[in-house]
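J.: Need coordinates for the below:
(one chain, ligands or ions: 1)
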Amino acid sequence: MVEVSGARQWDRMMELAKLGAIPGDGVNRACLTELDRAARRLVISWAERAGAVASVDAAGNLFLRRAGAQRDAAPVLTGSHLDSQPQGGRFDGAYGVVAGIEVLAALHDAGVVTARPVEVVAWTNEEGGRFQPGCTGSMAWAGVAPVDAWDEVRDLEGVRYGDALAALLASEADLPRRPLGSRPHAYIEAHIEQGPLLEAEGLDVGVVTGIQGSRWFRVTVTGASAHAGTAPVSMRRDALQDAIRAISALNVAMADPDDVLRFTVGKMVVSPNSSNSVAGQVVFTIDLRHPDRDMLVARGDAVGAVIQQALLHCTAEIVETFHALPSGFDADVMATIERAAIGAGVTHRRMASGAFHDAQFAARVAPAGMIFVPSKDGISHHPAEYSAPEQLARGTAVLARALVELAG
Ligand SMILES: [Zn+2]
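T.: Model (predicted):
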């Protein structure tokens, strides 16, 4: 049987975490930066040591392929992402890529030739920390949107996504280019849970049943800036006051007695943002999530009208920036992961994912599933994010068995 090395995997996790390390054991490694490129080169070097070959598609997704006995058979795909949140941790995303590489290395060490090729992917821009939305790499790969759909999106410095992606591809011109999109035999993503359930229940891995849907909106409320001392209140078109009215109305409209709907306004940019000026413009974001498709569609479709009706003096433009319907994972893949958990002697449970992942889009193209490992105190998107070496090793042992079964 194929034996993964928990020690090698942990050493690699820690080596990767040096790229973009921030105080408190965190990582700030935005997509399409020099640090991101360095992380990709590091991962490629590990994969090549395991006999795998790197290639890149037009969306910047990096694939590391270990050949199978059947050269042209659809590969079994695993992986995750190498980018992090601005104040992120060492494990979110990176674990799934390193775990996949560890499986390749274990296959290599054992001299195992699978029937199907096994591929590890590092998806471009999963986090959406630098360029919104996230999951642009997996969305382009899955055909959800064209690869140039986000070209005009800019980061805080004004850099266009299209330019940043072109620069990455130019820097990796030495790597073979592969066509965008493919039809893998199956996709399994290993990831930290980012929630407290596994730790609380003392379990080793989660067999993920599906991912709740997300809809993101950007709302621009436009009024007119004026002097706080001279402009009579009755004559103002105060964008901040109208934004508050809109958010209050949304709080009422998005109330859920079952407390399942997640409604968040997490970002607000006020212009001119001066204490003695009436706000002329406010841009705020909405993040809406629900596991039920009909509920998510209905509530999301109501957002525009609720805002427009709440405004007294200003106008609002509402743009939906991310739209991912809930996805349920493949029953056979889930059963395969459960068999792998039993075979590896680790405890497990089925669970849903509250966060979105690239697997949500991979599931549109191939039978897909995910393996969760425990997150200490459920903390994620934070430097304190932590999973112990042995917890990661158990997740990878399950991943290895599942991939080997699927790859034959
Ligand atoms: Zn992630």
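
J.: Please name the residues that touch whichever residue of the stretch 201-350 of the chain sits closest to the ion.
T.: Closest approach between the stretch 201-350 of the chain and the ion, counting by Cβ to the ion: Ile211, at 11.4 Å. Heads up, the C-betas are built off the backbone N, CA and C, glycines and all. Contacts for Ile211 (Cβ atoms under 8 Å, 6 or more residues apart in numbering) come out as Ala324, Pro326, Ser327, Ala352, Ser353, Ala355, Phe356, His357, Ala359, Gln360, Met370.

J.: how about the residues you listed in TSV, adding secondary structure?
T.: Putting the contacts of Ile211 into TSV (DSSP: H, G, I helix; E, B strand; the rest coil) gives the following:
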residue	secondary structure
Ala324	strand
Pro326	coil
Ser327	strand
Ala352	strand
Ser353	strand
Ala355	coil
Phe356	coil
His357	coil
Ala359	helix
Gln360	helix
Met370	strand
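
J.: low-scoring stretches of the stretch 101-250 of the chain, by residue?
T.: Counting by pLDDT under 70, the stretch 101-250 of the chain shows no low-confidence range.

J.: nearest residue to Leu399 other than its sequence neighbours?
T.: Leaving aside its sequence neighbours, Leu399 sits nearest to Ala190 (Cβ to Cβ, 6 or more residues apart in numbering; 4.9 Å).

J.: follow-up on the earlier one: test of understanding: give the bridge partners of the residue of the stretch 201-350 of the chain closest to the ion.
T.: Taking DSSP bridges as the rule, Ile211 bridges to Ser327, Ser353.

J.: Next, work out how far apart the closest residue to Ala407 other than its chain neighbours and the ion are.
T.: Excluding its sequence neighbours, the residue lying closest to Ala407 (Cβ to Cβ, 6+ apart) is Thr114, at 3.7 Å. From Thr114 across to the ion, the span is 26 Å (Cβ to the ion, to the nearest Å).

J.: Just the element for Thr114, please.
T.: Using DSSP states H and E, Thr114 sits in no helix or strand.

J.: Kindly tell me how buried it is, as a neighbour count.
T.: Residues near Thr114, counting by other Cβ atoms under 10 Å, number 22.

J.: Please apply the same query to Ile379.
T.: Counted with other Cβ under 10 Å, residues neighbouring Ile379 total 16.

J.: The nearest residue to it once chain neighbours are set aside: what's it in contact with?
T.: Leaving aside its sequence neighbours, Ile379 sits nearest to Glu385 (Cβ to Cβ, 6+ apart; 5.4 Å). Glu385 is in contact with Gly26, Gly88, Gly89, Arg90, Phe91, Asp92, Ile192, Ser375, Lys376, Ile379, counting by Cβ under 8 Å, 6+ apart.

J.: need the helices for the stretch 1-150 of the chain, in chain order.
T.: Under the criterion DSSP state H, counting those that start in this stretch, the stretch 1-150 of the chain contains helices at 6-17, 34-49, 94-110, 136-142.

J.: Where does the stretch 151-300 of the chain get nearest to the ion, residue-wise?
T.: For the stretch 151-300 of the chain, Cβ to the ion, closest residue to the ion: His191, 5.7 Å.

J.: Just give me the neighbour total for the residue nearest to Leu399.
T.: 30.

J.: How about Val252?
T.: 9.

J.: Give me the packing partners of the one helix or strand it maps to, helices and strands only.
T.: Counting by DSSP H and E, the element that carries Val252 is helix 239-253. Judged by 3 or more Cβ pairs under 8 Å, 6 or more residues apart in numbering; DSSP states H and E, helix 239-253 is in contact with strand 213-222, strand 268-271, strand 281-290, helix 293-310.

J.: which residues touch the shortest one?
T.: Okay, so that is strand 268-271. So strand 268-271 is contacted by Ser225, Ala239, Leu240, Ala243, Ala279, Gly280, Gln281, Val282, Val283, Phe284, Thr285 (Cβ under 8 Å, 6+ apart).
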